[in-house]
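Engineer: got a sequence here, can you build the structure:
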Amino acid sequence: MKENREVVFTEGGKKVLLPFRSALMTPPPRRVTCADDTQKADVAYRLACEGTGLLWRGDFHNARQLLNAMARRFDRKPQKKSEDPARAFHQYRMLQAQRSAILGKLLLQFEAGHVLNLKRAPDVRAACLEVYGESDVAYAASLRELQGLIGAHEWRKKGVEIRTLGARIHPHYGVFSPVRGEYLTLVAKAPLPKGAHHGGSAFDIGTGTGVIAAILAKRGVQHIIATDCADHALICAEDNITRLGLQGSITVQKADLFPPGKASLIVCNPPWLPGRPASLLERAVYDPDSRMLRTYLDGLANHLEEEGEGWLILSNLAELLGLRLRQDLINLFECAGLDVVDRMDIKPHHPRTQDTLDHLYMARSAEVTSLWRLAMKKHWR
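Structural biologist: Have a look, this model is predicted:
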């Protein structure tokens with residue numbers, strides 16, 4: 001059965017159908033009613049909790065205020081925190097999914113060309129065009145998603161300052177933003193294997209914005225292939241590499257993981273948590289059954305040059321949450337025929353490590369990010 005991608009509502013005594021857009025592939029509400037500046041927050045929140053969408057017909061800023069009021073009503077509900085880390089994590093994910101579903105019920109109507117015909121509405125055409133592409137028809141979309149698009153558009157324009165690179169990286173919508181710079185410090189400081197110097201080669205697996213490939217190029221690696229399986233990530237990486245003038249050193253290539261051939265250095269920063277992503281944005285965080293991690297480690301034997309190294313960048317957050325044991329990771333190394341040459345650790349400094357109200361505070365405050373330097377066991381070569 002084909003999924004319905006329309007919203008249906010009654011206005012002026014007539015039944016109206018509008019295409020529904022969501023970059024996150026969120027399904028449209030099955031029931032939709034029109035709402036305006038007279039809408040009470042308690043009623044809006046109740047309707048959203050029941051699964052009813054509210055198509056906004058009032059002032060744009062009032063819609064934002066209503067969305068904030070709905071968020072406050074959800075956030076003030078008492079939540080019992082589990083003492084078990086794994087259970088607390090699953091509760092956290094469930095709450096986040098519920099919150100997103102409820103707040104996503106406040107909808108806006110966009111005219112052709114991504115125009116919002118609402119009082120005090122901003123010009124969102126550029127932000128929508130970057131994600132949705134061209135549009136010659138009217139459609140409905142979530143206000144909450146629009147806020148994400150606008151935020152991503154600003155990140156893309158301004159970029160993220162990367163100290164280890166001495167330049168800015170411009171993330172695109174749906175591509176993981178390198179705002180947590182501690183792992184990049186490890187990439188900038190880890191000793192390069194001999195073969196990566198003076199004309200050596202490297203692979204950056206799952207490149208995303210291309211930031212790791214750029215740091216390796218700045219360190220003198222002359223031949224780098226940066227791979228990703230997502231088209232929007234490849235476009236983002238190409239954009240950043242061109243901005244940095246590194247086209248001569250870095251080639252962006254579409255691949256599930258490895259490109260053909262071998263390299264002296266192969267770097268991978270896979271999603272850190274085993275689990276199923278619930279949206280496009282979560283694919284950089286959750287790795288179902290640790291597929292990418294396992295496939296990367298198993299593939300090093302066929303792609304590392306003699307005396308080469310595979311660098312694995314991984315947080316221990318999954319271990320602290322009880323989602324994976326450290327011994328499980330060591331066993332993966334053993335099964336892939338890998339020795340640990342060295343491990344470099346660094347503590348994150350993002351605000352959540354200090355937020356005692358965060359559901360995952362205990363784990364986040366103890367988190368360590370590691371760069372594992374791996375080499376093939378001699379009898380495997």
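Engineer: show me what the helix or strand hosting Leu300 is packed against.
Structural biologist: Take DSSP states H and E as the rule and Leu300 turns out to sit in helix 291-303. Helix 291-303 sits against strand 263-268, strand 304-315, helix 326-335, strand 369-376, with contacts defined as 3 or more C-beta pairs under 8 Å, 6 or more residues apart in numbering; DSSP states H and E. Quick note: C-beta positions are derived from backbone N, CA and C, even for glycine.
Engineer: now with 10 Å?
Structural biologist: strand 201-205, strand 263-268, strand 286-287, strand 304-315, helix 326-335, strand 338-346, strand 369-376 (3 or more C-beta pairs under 10 Å, 6 or more residues apart in numbering; DSSP states H and E).
Engineer: confidence-wise, which of the ones you listed is weakest overall?
Structural biologist: When these are ranked by mean pLDDT, strand 286-287 comes last with a mean of 88.
Engineer: off-centre distance for that one?
Structural biologist: 10 Å (C-alpha atoms, centre = their mean, to the nearest Å).
Engineer: please apply the same query to stretch 125-133.
Structural biologist: Relative to where its chain is centred, stretch 125-133 has its mean C-alpha point 18 Å off (C-alpha atoms, centre = their mean).
Engineer: give the buried residues for it.
Structural biologist: Judged by neighbour count (16 or more other C-beta atoms under 10 Å), stretch 125-133 contains these buried residues: Ala127, Cys128, Glu130, Val131, Tyr132.
Engineer: OK, contacts around the nearest residue to the second one once chain neighbours are set aside?
Structural biologist: By that I understand Cys128. Leaving aside its sequence neighbours, Cys128 sits nearest to His114 (C-beta to C-beta, 6 or more residues apart in numbering; 3.8 Å). His114 makes contact with 21, 123-129, 131-135, 139, 141, 146, 149, according to C-beta atoms under 10 Å, 6 or more residues apart in numbering.
Engineer: then Val43?
Structural biologist: If you count contacts by C-beta under 10 Å, 6+ apart, Val43 has them with Ala35, Leu54.
Engineer: same thing with Lys378?
Structural biologist: Per C-beta under 10 Å, 6+ apart, neighbours of Lys378: Gly337, Asp339.
Engineer: and it, how far is that from Ile330?
Structural biologist: The gap separating Lys378 from Ile330 is 19 Å, by C-beta to C-beta, to the nearest Å.
Engineer: do the same with Val160
Structural biologist: For Val160, the distance to Ile330 - C-beta to C-beta - is 33 Å.
Engineer: among those two, which residue is more densely surrounded?
Structural biologist: Counted by other C-beta atoms under 10 Å, Val160 and Ile330 do not tie: Val160 has more neighbours, with 18 against 12.
Engineer: rewinding a little: now the helices and strands packed on helix 291-303 as TSV including distance to Leu184?
Structural biologist: Below are the helices and strands packed on helix 291-303 laid out as TSV (distance: least, C-beta to C-beta, whole Å):
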stretch	distance to Leu184
strand 201-205	12
strand 263-268	11
strand 286-287	20
strand 304-315	9
helix 326-335	22
strand 338-346	10
strand 369-376	10
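Engineer: for the ones you listed, which one sits closest to Arg276?
Structural biologist: Closest approach to Arg276 among these (C-beta to C-beta): strand 286-287, 6.3 Å.
Engineer: if we can go back for a sec, could the buried residues of stretch 125-133 go into JSON lines alongside pLDDT and secondary structure?
Structural biologist: JSON lines is the format used below for the buried residues of stretch 125-133 (pLDDT from 0 to 100; DSSP: H, G, I helix; E, B strand; the rest coil):
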{"residue": "Ala127", "pLDDT": "97", "secondary structure": "helix"}
{"residue": "Cys128", "pLDDT": "97", "secondary structure": "helix"}
{"residue": "Glu130", "pLDDT": "95", "secondary structure": "helix"}
{"residue": "Val131", "pLDDT": "94", "secondary structure": "helix"}
{"residue": "Tyr132", "pLDDT": "94", "secondary structure": "helix"}
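Engineer: which one of the residues you listed is nearest His198?
Structural biologist: His198 lies nearest to Glu130 out of the buried residues of stretch 125-133, by C-beta to C-beta, at 39.7 Å.
Engineer: pull out the buried positions in the longest helix anywhere in the chain.
Structural biologist: Identified as the longest helix of the chain according to DSSP state H is helix 85-103. Under the neighbour-count criterion of 16+ other C-beta under 10 Å, helix 85-103 has Pro85, Ala88, Phe89, Gln91, Tyr92, Arg93, Arg99, Ser100, Ile102, Leu103 buried.
Engineer: got it, and stretch 272-288?
Structural biologist: 272-275, 278-284, 286-287.
Engineer: right, and the pair among those residues with maximum separation?
Structural biologist: Pro274 and Leu280 (18.5 Å).
Engineer: Ala263 pairs with what?
Structural biologist: Under DSSP bridges, the beta-bridge partners of Ala263 are Leu304.
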